[in-house]
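Enquirer: Predicted structure and sequence below. I'll ask about it afterward.
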Amino acid sequence: DSGVTQTPKHLITATGQRVTLRCSPRSGDLSVYWYQQSLDQGLQFLIQYYNGEERAKGNILERFSAQQFPDLHSELNLSSLELGDSALYFCASSVANGQGANEQFFGPGTRLTVL
Amino acid sequence: GEDVEQSLFLSVREGDSSVINCTYTDSSSTYLYWYKQEPGAGLQLLTYIFSNMDMKQDQRLTVLLNKKDKHLSLRIADTQTGDSAIYFCAESTGAGSYQLTFGKGTKLSVIP
């Protein structure tokens, strides 16, 4: 158990809909990262937050957005869903204090299926 | 740009050593990581190596880094059936953001 929790575990929805994925980081970690894992694209970095502020953006679509709340949990919002958005979405957390290896610890993921 | 390459499959016999290879392109990488993903599970951090190191050993795991060739390998000694999983190599530049760039993963199958 990494200490990172994600809900829900599975999500099945229809095209055009909007969903929210939730992540709680490990105790003490200030940074949250979102990654998407799909068969064709592999594991891709989407976005990073540090202590409530956006720190870096990767290959995140404009239909997707995220935020990190004062209690450090994070939500990833996916809207106008398309079939191609079906994937595993992972959240990871780390200390990100500029020292050391900044190990990222991953949650169990949310499997999104868009029908 | 950043790119991390791995071979997709590796099959070994139980008790043998496994060697999983990875090449990366970003010369500014500060840390390189190995993650393990079992079926239906998240990614488990196995080990990492700082870019100015050549080798790191941690129990059955040995990481070798050739910075000149941008080549990283993970050796698993005495491979067990429980080691069957997908292994991902990842790099981080640590330049303000610590986002990870992953390879496509190597599926290790251990034959009893």
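Expert: Thanks, I have the structure now.
Enquirer: Only C-alpha atoms from now on, for both contacts and neighbour counts.
Expert: Noted.
Enquirer: what's near enough to touch the residue of chain B found nearest chain A?
Expert: Across chain B, the shortest distance to chain A (CA to the nearest CA) belongs to B:Gly42, at 4.3 Å. Applying CA atoms under 8 Å, 6 or more residues apart in numbering or on different chains to B:Gly42 gives the contacts A:Phe90, A:Phe106, A:Gly107, A:Pro108, A:Gly109.
Enquirer: State the helix or strand in which the residue in chain A positioned nearest to chain B lies.
Expert: Nearest residue of chain A to chain B (CA to the nearest CA) works out as A:Pro108 at 4.3 Å. Using DSSP states H and E, no element contains A:Pro108; it sits outside every helix and strand.
Enquirer: Nearest residue to it in space, please, no chain neighbours.
Expert: Leaving aside its chain neighbours, A:Pro108 sits nearest to B:Gly42 (4.3 Å; criterion: CA to CA, 6 or more residues apart in numbering or on different chains).
Enquirer: re the thing from before, pLDDT and neighbour count for the contacts of B:Gly42 - can I get that in TSV?
Expert: Below are the contacts of B:Gly42 laid out as TSV (pLDDT from 0 to 100; neighbours: other CA atoms under 10 Å in any protein chain shown):
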residue	pLDDT	neighbour count
A:Phe90	97	27
A:Phe106	96	29
A:Gly107	96	26
A:Pro108	95	23
A:Gly109	96	30
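Enquirer: biggest separation within these, which pair?
Expert: Spatially, the most separated pair among the contacts of B:Gly42 is A:Phe106 and A:Gly109, at 7.9 Å (CA to CA).
Enquirer: what touches both of those two?
Expert: With CA under 8 Å, 6+ apart, A:Phe106 and A:Gly109 have common neighbours A:Phe90, A:Cys91, B:Gly42.
Enquirer: List the contacts of the helix or strand where A:Leu43 lies.
Expert: Assigned by DSSP H and E, A:Leu43 belongs to strand A:42-50. Outside of strand A:42-50, the residues within contact range by CA under 8 Å, 6+ apart are A:30-37, A:54-60, A:66-68, A:96, B:97, B:99-104.
Enquirer: That one: what's the following helix or strand?
Expert: Strand A:42-50 is succeeded, C-terminally, by strand A:53-57 (DSSP H and E).
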